[in-house]
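**Q** give me coordinates for this.
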Amino acid sequence: MRVLHSPVNIAGGPGAISRGLRELGVDSTLLVFNERPFERGFDINLQLRDTSRRTSVPLNLPKQLRAFIWAVPRFDVFHFHAGLTLLPRKLNLPALRALRKGIVFQSWGSDLRGRAASEVRYLRSAGAVIVGSFLTRRLAPRGPWPEYDVVPPAIVLTDWEPAPVEPGDVLRVVHAPSKRAVKGTEAVLAAVESLRARGVPIELDLIEGVPNREARLRYAAADVVIDQLRIGWYGMLAIESMALAKPVVVHLDEQAATETEEAFGLQLPLIRADESSLEDVLAGLVEVRDSLPELGLRSREYVEHVHAHTTIAGRVLDIYERVMPISS
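**A** Residues are numbered from 1 along each chain as shown. Below is the predicted model:
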């Protein structure tokens, strides 16, 4: 079976799945439109202009067409990420269906969660649709497409060695928002400022717009990482931080948390907070900071069980077999 992942390596997740598939003996390739602004890796980079601008279409389309023509005879399964495909307006889907290619869409949250069914009609072309959490599955629109498969995001754990730190006099907190409004960053800034004004020994490292290799060094120096306070589920920042054996503060949807613990037989090792409770939660962590390394180790164990790239690749391979029962 030959698989093409495209056209983005969002938060490194598609790349981790592709690498896991290769380790399981599957011919898997990751093709991306570009790798800006973050560096997450790829096998093929088309180096397109800004795909969000209409003015880029005439410059990008020839490269996209050449990539599609190249890919069609080479791959059995086309695994698309974040609601994107190789061609604009998903014009490649009818040809892929006519050629009996396996088509898998994988959502990374906002491309599916809370959308109207009319916005994701392209899913009718899919043989399978993957979501990363039970929360996204619940909030995603229903329509004449496959029932959603819940497969957690993957991480290559050998690239993320545990980096526990001994608690110091000051609690070092890291927050790395991709989008401040989505992550509740203003509440993080306000909570830390308020605590510092009260004399609480806490400091914040706000990480924005830096390459992943630099960001991970700063994650490794943290006592605690704050993920998001609004969405209701944890993302790749939390997964990477847990892989580094860091306790993570995040807002969790209770129903999705219960479903996840039942599905994997593990308690979520996450510190729960929202915008209104964050200040109190952080103040409490300052008081019990000696216990944080142990929670970080449990976080690492959770990621090893739930998010390891070969484990996730095995689940994805089962989906491919269902979509393409006869592999080549």
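
**Q** switch to C-alpha atoms for all contacts and neighbour counts from now on
**A** OK.

**Q** start and end of stretch 194-210, how far apart?
**A** One end of stretch 194-210 to the other measures 27 Å (Cα to Cα, to the nearest Å).

**Q** residues contacting that stretch, please?
**A** 37-38, 169-178, 192, 215, 218, 279, 283, 286 (Cα atoms under 8 Å, 6 or more residues apart in numbering).

**Q** which among the residues you listed end up buried?
**A** 38, 171-177, 192, 218, 279, 283, 286 (16 or more other Cα atoms under 10 Å).

**Q** so which of those belong to strands?
**A** Secondary structure defined by DSSP state E assigns 171-175 of the buried ones among the contacts of stretch 194-210 to strands.

**Q** which among the residues you listed gets closest to residue 131?
**A** residue 175 (24.6 Å; Cα to Cα).

**Q** I'd say the closest one and residue 229 touch.
**A** No - here residue 175 does not reach residue 229: they are 11.0 Å apart, not a contact under Cα atoms under 8 Å.

**Q** coming back round to it: show me which pair in the ones in strands among the buried ones among the contacts of stretch 194-210 is furthest apart.
**A** 171 and 175 (13.1 Å).

**Q** residue 130 pairs with what?
**A** Under DSSP bridges, the beta-bridge partners of residue 130 are residue 106, residue 149.

**Q** ok, it - contacts?
**A** Residues in contact with residue 130 (Cα under 8 Å, 6+ apart) are 104-107, 148-151.

**Q** with adjacent residues omitted, what lies nearest to the residue positioned nearest the centre of the chain?
**A** In the chain, the residue lying closest to the centroid (Cα atoms, centre = their mean) is residue 236, at 4.4 Å. Nearest residue to residue 236, sequence neighbours excluded (Cα to Cα, 6 or more residues apart in numbering): residue 11, at 6.3 Å.

**Q** number of residues surrounding that neighbour?
**A** 20 (other Cα atoms under 10 Å).

**Q** what pLDDT does it get?
**A** Per-residue confidence at residue 11 stands at 87 (pLDDT).

**Q** that one - that's part of a helix, no?
**A** Yes - judged by DSSP: H, G, I helix; E, B strand; the rest coil, residue 11 forms part of a helix.

**Q** now the helices for the protein?
**A** 13-23, 57-71, 93-98, 134-139, 180-183, 185-197, 212-220, 236-243, 254-264, 278-287, 292-306, 309-323 (DSSP state H).

**Q** now render those as JSON lines, adding distance to residue 45.
**A** Formatted as JSON lines, these follow (distance: least, Cα to Cα, whole Å):
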{"stretch": "helix 13-23", "distance to residue 45": "13"}
{"stretch": "helix 57-71", "distance to residue 45": "10"}
{"stretch": "helix 93-98", "distance to residue 45": "21"}
{"stretch": "helix 134-139", "distance to residue 45": "29"}
{"stretch": "helix 180-183", "distance to residue 45": "28"}
{"stretch": "helix 185-197", "distance to residue 45": "32"}
{"stretch": "helix 212-220", "distance to residue 45": "18"}
{"stretch": "helix 236-243", "distance to residue 45": "22"}
{"stretch": "helix 254-264", "distance to residue 45": "35"}
{"stretch": "helix 278-287", "distance to residue 45": "40"}
{"stretch": "helix 292-306", "distance to residue 45": "29"}
{"stretch": "helix 309-323", "distance to residue 45": "22"}
